[in-house]
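Participant: the following comprises the amino acid sequence and a computationally predicted model.
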Amino acid sequence: MRKFAISDIHGCNQTFNALLKKIEFSKSDQLFLLGDYIDRGPDSKGVLDTIFRLQDSGHSVSCLKGNHEEGLMKSRVDKDQLKTWCNYWGGERTLRSFGTNDLNGIDRRYWRFFEELSPYVEVDDYLLVHAGLNFERKNPLEDLHAMRWIRSWYQNVDYGWLKNRVIVHGHTPKSRTMIETDLEFLDTIQVVNIDNGCFRRDIEMGQLCAFELTQKKLYFQGNIDSMEANYT
Ligand SMILES: [Mn+2]
């Protein structure tokens, strides 16, 4: 059985579907999505509908929570957060994909999906998480907030605690070359960031990445969604 991890799809539904096709994702495989399904790209609703379609048709898809899902959920009860989410996180485009300009226009099924997202998952010798782990805590698995937000944490990895496990995460866009280098040294560093900044146009970015856990293989799909000039 193949086990894939994909992170930071950010509303790029066509790219997501093209990547699934490229890896020939089937019912005998497992898919782990590491969060940030929404915002920035053109079709956040479409990404969620793709996930529902896969799950409804008997595919194994497990979903983690990213900081963008947290931002959307907080926007329901916090007006300042709503402003930040809409104006700076690409939330306005997310609402547009739902054909609404109001959070109440988002159907219950999507809210239920957001509420049920896991903070992290352990599978085989892998720890899958959106952003990373806070190794300044005695038990990094107790800091759920850090799992969605943390950056620059590699220097703190406690290998005594981690043992033989490998952390797979996204959240901080990284060049393709750096992702491939991480993989080359995976046995030593035990961490791989699979976020290639799908929505970004920087050199060496702009692809959606899938990591197959068993074979330790990377797959890349260039962005084929129609991105607006202002894509941040
Ligand atoms: Mn993120």
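Facilitator: Done, it's in.
Participant: in stretch 202-221, which residues are buried?
Facilitator: Judged by neighbour count (16 or more other C-beta atoms under 10 Å), stretch 202-221 contains these buried residues: 205-211, 213, 218, 220-221. All C-beta spots, glycine's among them, are computed from the backbone N, C-alpha and C.
Participant: farthest-apart pair in those, please.
Facilitator: Maximum pairwise distance among the buried residues of stretch 202-221 (C-beta to C-beta): 23.9 Å, between 206 and 213.
Participant: ok, back up a step: tabulate the buried residues of stretch 202-221 (a markdown table), appending secondary structure and pLDDT.
Facilitator: Output for those, formatted as a markdown table (DSSP: H, G, I helix; E, B strand; the rest coil; pLDDT from 0 to 100):
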| residue | secondary structure | pLDDT |
| --- | --- | --- |
| 205 | coil | 93 |
| 206 | coil | 94 |
| 207 | strand | 97 |
| 208 | strand | 98 |
| 209 | strand | 98 |
| 210 | strand | 98 |
| 211 | strand | 98 |
| 213 | coil | 98 |
| 218 | strand | 98 |
| 220 | strand | 98 |
| 221 | strand | 98 |
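Participant: which one of those residues is nearest residue 45?
Facilitator: Nearest to residue 45, judged by C-beta to C-beta, of those is residue 208 at 17.5 Å.
Participant: helix, strand, or coil at the closest residue to that closest one other than its chain neighbours?
Facilitator: Leaving aside its chain neighbours, residue 208 sits nearest to residue 198 (4.4 Å; criterion: C-beta to C-beta, 6 or more residues apart in numbering). Secondary structure, DSSP: H, G, I helix; E, B strand; the rest coil: residue 198 is coil.
Participant: what about residue 198, distance to the ion?
Facilitator: Distance, residue 198 to the ion, by C-beta to the ion, to the nearest Å: 12 Å.
Participant: number of residues surrounding that residue?
Facilitator: Residue 198: 31 surrounding residues under other C-beta atoms under 10 Å.
Participant: what does the pLDDT read for it?
Facilitator: pLDDT for residue 198: 94.
Participant: give the contact list for it.
Facilitator: Shown in contact with residue 198 (C-beta atoms under 8 Å, 6 or more residues apart in numbering): 8-10, 12, 15, 41, 206-208, 223.
Participant: doesn't residue 84 belong to a strand?
Facilitator: No - per three-state DSSP, residue 84 lies outside any strand segment and is helix.
Participant: got the contact list for residue 132?
Facilitator: Contacts here follow C-beta under 8 Å, 6+ apart; on that basis residue 132 touches 146-147, 150-151, 153, 167, 169, 171.
Participant: work out for me the element the residue of the chain most remote from its centre sits within.
Facilitator: Here the centre of the chain is the reference, and by C-alpha atoms, centre = their mean the most remote residue is residue 160, at 27.0 Å. Applying DSSP states H and E as the criterion places residue 160 in helix 159-162.
Participant: just checking, next helix/strand downstream of that helix?
Facilitator: strand 166-169.
Participant: is the ion contacted by that following strand?
Facilitator: No - against the ion, strand 166-169 shows no contacts by C-beta under 5 Å from the ion, the least distance being 9.5 Å.
Participant: got the CA coordinates for that strand in PDB?
Facilitator: Extracted in PDB, the C-alpha atoms of strand 166-169 (Å, rounded to 0.1, in the frame of the first residue of the first chain):
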ATOM      1  CA  VAL A 166      10.700  11.100  10.600                       C
ATOM      2  CA  ILE A 167       8.700  14.400  10.700                       C
ATOM      3  CA  VAL A 168       6.900  15.400   7.400                       C
ATOM      4  CA  HIS A 169       5.400  18.900   7.400                       C
END
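Participant: and the residue in the chain positioned nearest to the ion, which of the three is it?
Facilitator: Scanning the chain for proximity to the ion using C-beta to the ion identifies residue 171 as nearest, at 3.8 Å. Under three-state DSSP, residue 171 falls in the coil class.
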